[in-house]
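# sequence plus predicted model, see below.
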Amino acid sequence: MNMNDETSKDWLEQAHHVLDIEMAALAQQKDALGQDFVAAASMILNLKGKLVIIGMGKSGIIARKIAATFASTGTPAFFVHAAEAQHGDLGMITADDAVLALSHSGETDEVCGLLPTIKRLGAPIIAMTGGKTSTLAQHADFLLHIPVTEEACPMNLAPTASTTATLALGDALAVVVLKHRGIQPEDFARVHPAGSLGRRLMSVADVMHEGDKIPMVAMGASLSDAIYTMSSFRFGITGVGEQGKLEGCLTDGDLRRILQEGGQDGLQVDMQMPVSEVMHTKPYTIAANHLASEAVRFMEEKKITVLFVTDEQQKLVGIVHLHDLLQAGIA
């Protein structure tokens with residue numbers, strides 16, 4: 001379909017108008033925040049059980065997203081379809097749980113029909129609704145009001161601005177709880193094992209080689225022993241040390257240099273010399289709890305392909321190669 005300049009301009013103006021309405025809804029939502037929000041966040045933070053989020057229709061779709069956000073940020077949460085809850089799923093809720101109920105009107109039959117049973121169970125109810133005096137609001141222990149009155153729909157019917165505001169309010173609630181729960185990047189990694197987020201949050205410990213897979217020789221080992229170890233492990237490097245402590249390292253680059261310098265002097269390289277005489281005494285290391293992406297950045301900065309991994313006591317616990325990071329999708 002070919003559109004002239006006038007039609008394109010008209011369509012863009014309509015889109016701008018929609019976004020203006022939705023941004024205004026977010027500004028209204030920001031102004032509407034109050035002590036019930038603080039109290040609801042505190043209750044969720046101290047919850048013994050799970051956060052059960054219910055809704056119907058478009059509100060149900062938003063409820064599902066809010067439940068996913070809470071679950072991925074450290075708060076046990078799940079979505080329950082309001083209609084399904086009336087046919088058995090309500091049995092999932094206990095007195096240790098809390099219910100976050102979404103209904104813009106506050107009068108959705110399927111949602112309101114659950115309220116007496118939830119009350120009998122003793123689970124607190126957080127209402128997200130535009131109806132301040134609605135049935136849902138009256139039954140709620142915490143009222144999070146959605147003050148949106150104008151939808152982006154030209155008939156003011158299709159949930160648009162109101163669902164945007166509800167979703168943003170759910171995000172605000174989840175993030176406030178997240179911040180006070182003290183969630184760290186490694187906690188995110190545990191619940192996002194797949195996909196780009198999991199890869200970005202993967203730690204060095206997730207990709208390193210451990211135990212007998214670490215190339216290592218003793219301080220008194222010969223250069224010949226070090227070369228054999230390097231060839232056996234194919235990292236292009238071997239650590240040198242005693243009793244788990246890394247004292248130095250020898251790389252294939254060092255070996256080439258030693259052989260070249262020996263040849264220039266017209267002398268044979270003494271393959272029985274102690275490796276400690278030619279090793280690097282300050283090997284590059286990284287902690288196991290650092291992000292794997294940090295290891296990549298450090299390797300690029302130092303123009304190396306291998307890092308030894310040490311713990312808080314500087315004991316050798318692993319080794320990581322750039323190829324491992326590439327295979328994990330980090331680099």
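Ah, there it is.
# low-confidence stretches in the stretch 201-331 of the chain?
Scanning the stretch 201-331 of the chain with the threshold set as pLDDT under 70 gives 201, 262-267, 331.
# now the strands for it?
Ranges of strands within the stretch 201-331 of the chain are 216-217, 237-242, 245-251, 285-287, 306-310, 316-321, based on DSSP state E, counting those that start in this stretch.
# check the stretch 51-200 of the chain too.
Under DSSP E, counting those that start in this stretch, the stretch 51-200 of the chain gives strands at 51-55, 77-81, 98-102, 125-129, 142-145.
# specify the stretch among those that is closest to Ile237.
Nearest of the strands of the stretch 51-200 of the chain to Ile237, taken as Cβ to Cβ: strand 77-81 at 46.2 Å. For the C-beta atoms, the positions are set from N, CA and C on the backbone; glycine is no exception.
# name every strand pairing with the closest one and say which way it goes.
strand 51-55 (parallel) (DSSP bridges).
# pLDDT of the partner strand, averaged?
Confidence for strand 51-55, expressed as mean pLDDT, is 95.
# now do it: distance to the chain's middle.
22 Å (Cα atoms, centre = their mean, to the nearest Å).
# for stretch 95-103, same thing?
25 Å.
# now stretch 58-74
On Cα atoms, centre = their mean, the centre of stretch 58-74 falls 15 Å from that of its chain.
# dump the strands of the stretch 51-200 of the chain to JSON lines, plus mean neighbour count and distance to Ile330.
As requested, the strands of the stretch 51-200 of the chain are exported to JSON lines (neighbours: other Cβ atoms under 10 Å; distance: least, Cβ to Cβ, whole Å):
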{"stretch": "strand 51-55", "mean neighbour count": "27", "distance to Ile330": "33"}
{"stretch": "strand 77-81", "mean neighbour count": "19", "distance to Ile330": "29"}
{"stretch": "strand 98-102", "mean neighbour count": "27", "distance to Ile330": "36"}
{"stretch": "strand 125-129", "mean neighbour count": "26", "distance to Ile330": "39"}
{"stretch": "strand 142-145", "mean neighbour count": "22", "distance to Ile330": "39"}
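# now the stretch 51-200 of the chain, which segments are flagged as low pLDDT?
Those would be 87-89, 183-200, if you go by pLDDT under 70 across the stretch 51-200 of the chain.
# in it, which spans are helices?
57-72, 82-85, 109-112, 115-121, 135-139, 161-181, 185-191, 195-200 (DSSP state H, counting those that start in this stretch).
# the strands of the stretch 51-200 of the chain: which one's closest to Thr135?
The nearest among the strands of the stretch 51-200 of the chain, by Cβ to Cβ, is strand 125-129 at 9.3 Å.
# strands paired with that closest one, and their directions?
Partners of strand 125-129, by DSSP bridges, with direction: strand 98-102 (parallel), strand 142-145 (parallel).
# hmm, back to that, would you list the strands of the stretch 201-331 of the chain in TSV and tack on distance to Met23 and mean neighbour count?
Output for those, formatted as TSV (distance: least, Cβ to Cβ, whole Å; neighbours: other Cβ atoms under 10 Å):
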stretch	distance to Met23	mean neighbour count
strand 216-217	60	22
strand 237-242	55	23
strand 245-251	56	20
strand 285-287	43	17
strand 306-310	46	22
strand 316-321	46	22
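# export these as a markdown table, with columns for distance to Ala77.
Listed next are the strands of the stretch 201-331 of the chain as a markdown table, based on distance: least, Cβ to Cβ, whole Å:
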| stretch | distance to Ala77 |
| --- | --- |
| strand 216-217 | 46 |
| strand 237-242 | 45 |
| strand 245-251 | 44 |
| strand 285-287 | 32 |
| strand 306-310 | 35 |
| strand 316-321 | 35 |
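# so which of the ones you listed is nearest Val207?
Closest among those, once you apply Cβ to Cβ, is strand 316-321, at 5.8 Å.
# I'd like to know which elements the longest helix along the chain is packed against.
If you go by DSSP state H, the chain has its longest helix at helix 5-32. Other elements packing on helix 5-32 under the criterion 3 or more Cβ pairs under 8 Å, 6 or more residues apart in numbering; DSSP states H and E are helix 161-181.
# flag every buried residue along the helix it packs on.
By neighbour count on 16 or more other Cβ atoms under 10 Å, the buried set for helix 161-181 is 161-170, 172-174, 176-178.
# which helices and strands does it pack with?
Looks like helix 161-181 contacts helix 5-32, helix 35-45, helix 57-72, strand 125-129 (3+ Cβ pairs under 8 Å, 6+ apart).
# if we can go back for a sec, ok, which of the helices of the stretch 51-200 of the chain comes nearest Leu45?
Short answer: helix 161-181, nearest of those by Cβ to Cβ, at 5.3 Å.
# what's the angle between that closest one and helix 57-72?
On the basis of axes from the mean of the first three to the mean of the last three Cα atoms, to 10 degrees, helix 161-181 is oriented at 10 degrees to helix 57-72.
# quick one: helix 161-181 to helix 5-32, angle?
Going by the same axes, to 10 degrees, helix 161-181 makes 50 degrees with helix 5-32.
# how about the CA coordinates for helix 161-181, as PDB?
Only the C-alpha atoms of helix 161-181 are listed here, as PDB (Å, rounded to 0.1, in the frame of the first residue of the first chain):
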ATOM      1  CA  ALA A 161      -3.600   3.600  28.800                       C
ATOM      2  CA  SER A 162      -5.100   1.900  31.900                       C
ATOM      3  CA  THR A 163      -3.200  -1.400  31.200                       C
ATOM      4  CA  THR A 164       0.000   0.600  30.600                       C
ATOM      5  CA  ALA A 165      -0.400   2.300  33.900                       C
ATOM      6  CA  THR A 166      -1.200  -1.000  35.700                       C
ATOM      7  CA  LEU A 167       1.800  -2.800  34.200                       C
ATOM      8  CA  ALA A 168       4.100   0.100  35.200                       C
ATOM      9  CA  LEU A 169       2.700   0.100  38.700                       C
ATOM     10  CA  GLY A 170       3.300  -3.700  38.900                       C
ATOM     11  CA  ASP A 171       6.900  -3.100  37.800                       C
ATOM     12  CA  ALA A 172       7.300  -0.300  40.400                       C
ATOM     13  CA  LEU A 173       6.100  -2.700  43.100                       C
ATOM     14  CA  ALA A 174       8.300  -5.500  42.000                       C
ATOM     15  CA  VAL A 175      11.400  -3.400  41.700                       C
ATOM     16  CA  VAL A 176      11.000  -1.700  45.100                       C
ATOM     17  CA  VAL A 177      10.700  -5.200  46.700                       C
ATOM     18  CA  LEU A 178      13.700  -6.400  44.700                       C
ATOM     19  CA  LYS A 179      15.900  -3.500  45.900                       C
ATOM     20  CA  HIS A 180      15.000  -4.100  49.500                       C
ATOM     21  CA  ARG A 181      15.400  -7.900  49.200                       C
END
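# appreciated, that's everything.
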